[in-house]
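Colleague: sequence and predicted model, in that order:
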Amino acid sequence: MPAAPPPAQSPHAGLSFTEFVVMMAALMALTALAIDSMLPALPQIAASIGIESPNGRQWIVTAFLLGFGGGQILYGPLADRYGRKPVLLAGLSIYAVFSMVAALSRSFELMMVARVMEGIGAAAGRVLPVSIVRDCYAGRQMARVMSLTSIVFMGVPILAPSVGQLVMLVAPWPFVFLVLAVSCVAVIIWAGLRLPETLHPQDRMPIALGRMVRAVRVILADRAGVGYTLGTSCLLGTIFGFVNSAQQIFTDTFHAPRLFAVIFAISAGSLAVASLVNSRLVVRLGMRLISHAALVGFILISTLHALIALSGHESLILFTLLQSIQMFCFGLVVGNFGAMAMETLGHVAGTAASIQGFVSLICGALVGFCVGQSFDGTVVPLTVGYSLCGLATLLVALVTERGRLFRPHQRTPEDDIEVATNHGF
């Protein structure tokens, strides 16, 4: 009788699949917590640090996003050289320290420094989970893991504004930042005790300028990597535009500040539902079919939303409904775009995640800031921004796929040349 085959070795020894997914989600969720939990407190924070313009409050969000985007470029090379775990723990420590500094800030300048540095620390919680997942999984299975991670991760935007509101009921705004610091310390302890090192010793790359330049050339030569990173940048601009102006929209446009956390949670909840749906369908239907179809849906709904807003018939109920549908489509697009951007870059996953995160976050933050600064008391700038960013993303996808949308990627001789070039450095 033949012997049974040995069980497959876990790609993340010591962690069950469920704990692995939840841990990766918790790492990424620290970023959402740092953005969304303080939205209800923006007027009080702005008053304490001397910001007088309502649109000026958006700097508290944008400073974090710029630091978060800029920090992406640091962690990839460090993680490829020293391993995922030590670099991750170092970045999270920066996050925790500067969350405390933000809590103590009483000037605009110190708050901006604290938020930028907090964002730089939080970048470790974005780059390293992507690299760790890519170390352990590939292809559609990687997309499934990322979607499952997003389900847990999306629970934070649902709850974060409510957390901020609850804190503000019993304590002043600095305690919002103290909650961030305590949450980060808890994740540091968990990851420090349970997370194994996922980078194989033979895959470690020295921090050498020549090698880094060659790795960058590989990444920039990857058609899907570049294209879907740019597409993600365009769509992230819509989300950051909403986050920047959300508090003003509910307070100044709809005069319903008490409903802010509830409606924000409904929108974020639709993202979580999209991630669950994607995790169930992506292995069977493929990343391209799902994401391209959802992108078309996003454009159609956002254009309808813009027309309603321009006609003056916008209402809180319509806004909530259309915003939720748009976020559902967004959730089906971005997770798959991220997986496709990394699909052929496993051999330089850390550097690739850094560069892709840097480009998408910085560009998305700048687009979102422009959308947010256009706030004029209506939702017209936001909805028009959604539509334009969606169209730009569709154009990028068409160029990336050479016009082949809505179907599995079929390799061409040109693709074979690209792959051979990408692996020949």
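Modeller: Happy to help now that I have it.
Colleague: mind showing which ranges of the chain have poor pLDDT?
Modeller: 1-11, 13, 150-155, 349-350, 407-425 (pLDDT under 70).
Colleague: any idea which residue is closest to the centre of it?
Modeller: In the chain, the residue lying closest to the centroid (C-alpha atoms, centre = their mean) is residue 126, at 7.3 Å.
Colleague: so how far is residue 244 from that one?
Modeller: Plainly put, residue 126 is 19 Å away from residue 244 if you go by C-beta to C-beta, to the nearest Å. For glycine as for every other residue, the C-beta is placed from the backbone atoms N, C-alpha and C.
Colleague: related to what we said a few turns ago, I'd say the residue nearest to the centre of the chain and residue 28 touch.
Modeller: Yes - Residue 126 lies in contact with residue 28 (C-beta atoms under 8 Å); the separation is 6.0 Å.
Colleague: the closest residue to residue 294 other than its chain neighbours: what secondary structure?
Modeller: Among residues not flanking residue 294 along the chain, residue 332 sits closest, at 3.5 Å (C-beta to C-beta, 6 or more residues apart in numbering). The three-state assignment at residue 332 reads helix, by DSSP: H, G, I helix; E, B strand; the rest coil.
Colleague: got the contact list for residue 332?
Modeller: Contact analysis of residue 332 by C-beta atoms under 8 Å, 6 or more residues apart in numbering lists 274, 277-278, 290-291, 293-294.
Colleague: count of residues packed around residue 171?
Modeller: 12 (other C-beta atoms under 10 Å).
Colleague: can you list phi and psi of residue 54 for me?
Modeller: With angles defined as degrees, to the nearest 10, residue 54 sits at phi -60, psi -40.
Colleague: oh, that last question was meant for residue 70, not what I typed.
Modeller: phi -60, psi -40.
Colleague: hang on, it packs against residue 362?
Modeller: Yes - Residue 70 is within contact range of residue 362, at 6.7 Å (criterion: C-beta under 8 Å).
Colleague: distance of the residue nearest to residue 294 relative to residue 143?
Modeller: 11 Å.
Colleague: please enumerate the shared neighbours of these two.
Modeller: With C-beta under 8 Å, 6+ apart as the test, residue 332 and residue 143 both reach residue 278.
Colleague: within the helices and strands, which one has the closest residue to residue 117 other than its chain neighbours?
Modeller: In space, and not counting its chain neighbours, residue 117 is closest to residue 98: 4.1 Å by C-beta to C-beta, 6+ apart. In this structure, residue 98 sits in helix 84-104 according to DSSP states H and E.
Colleague: list the buried residues for that helix?
Modeller: 84-85, 87-89, 91-92, 94-103 (16 or more other C-beta atoms under 10 Å).
Colleague: helices or strands up against the next helix or strand after it?
Modeller: Next in sequence after helix 84-104, counting helices and strands by DSSP H and E, comes helix 108-122. Counting contacts by 3 or more C-beta pairs under 8 Å, 6 or more residues apart in numbering; DSSP states H and E, helix 108-122 packs against helix 17-36, helix 42-49, helix 58-82, helix 84-104.
Colleague: now the third one, how far from the centre of its chain.
Modeller: By that I understand helix 58-82. Helix 58-82 has its C-alpha centroid displaced from the chain centroid by 12 Å (C-alpha atoms, centre = their mean, to the nearest Å).
Colleague: in CSV, list the C-alpha atoms belonging to stretch 268-283.
Modeller: As requested, the backbone C-alpha atoms of stretch 268-283 are provided in CSV (Å, rounded to 0.1, in the frame of the first residue of the first chain):
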residue,chain,number,x,y,z
ALA,A,268,-17.4,51.2,4.0
GLY,A,269,-19.7,48.2,4.5
SER,A,270,-20.3,48.0,0.8
LEU,A,271,-16.5,47.8,0.3
ALA,A,272,-16.4,44.8,2.7
VAL,A,273,-19.2,43.1,0.9
ALA,A,274,-17.4,43.6,-2.4
SER,A,275,-14.3,42.0,-1.0
LEU,A,276,-16.3,39.0,0.2
VAL,A,277,-18.0,38.7,-3.2
ASN,A,278,-14.6,38.9,-4.9
SER,A,279,-13.0,36.3,-2.7
ARG,A,280,-15.8,33.9,-3.8
LEU,A,281,-15.7,34.6,-7.5
VAL,A,282,-12.1,35.5,-8.4
VAL,A,283,-10.7,32.0,-8.6
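Colleague: and residue 16, what are its phi and psi?
Modeller: Residue 16 adopts backbone torsions of phi -70, psi 160, taken as degrees, to the nearest 10.
Colleague: OK, contacts around residue 405?
Modeller: 288, 292, 397-398.
Colleague: run the chain-centre distance for stretch 118-138.
Modeller: Distance, centroid of stretch 118-138 to centroid of chain: 11 Å (C-alpha atoms, centre = their mean).
Colleague: not counting its neighbours along the chain, what's nearest residue 390?
Modeller: With sequence-adjacent residues excluded and distances taken as C-beta to C-beta, 6+ apart, residue 390 is closest to residue 299, at 4.0 Å.
Colleague: count of neighbours near the one you found?
Modeller: Neighbour number of residue 299 under other C-beta under 10 Å is 20.
Colleague: quickly find the element holding it.
Modeller: helix 287-311.
Colleague: OK, contacts around residue 76?
Modeller: 127, 131, 350-355.
Colleague: with neighbour count and distance to residue 182 added, can I get these in JSON lines?
Modeller: Below are those laid out as JSON lines (neighbours: other C-beta atoms under 10 Å; distance: C-beta to C-beta, whole Å):
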{"residue": "127", "neighbour count": "32", "distance to residue 182": "23"}
{"residue": "131", "neighbour count": "28", "distance to residue 182": "26"}
{"residue": "350", "neighbour count": "30", "distance to residue 182": "29"}
{"residue": "351", "neighbour count": "26", "distance to residue 182": "32"}
{"residue": "352", "neighbour count": "28", "distance to residue 182": "32"}
{"residue": "353", "neighbour count": "29", "distance to residue 182": "27"}
{"residue": "354", "neighbour count": "30", "distance to residue 182": "28"}
{"residue": "355", "neighbour count": "24", "distance to residue 182": "32"}
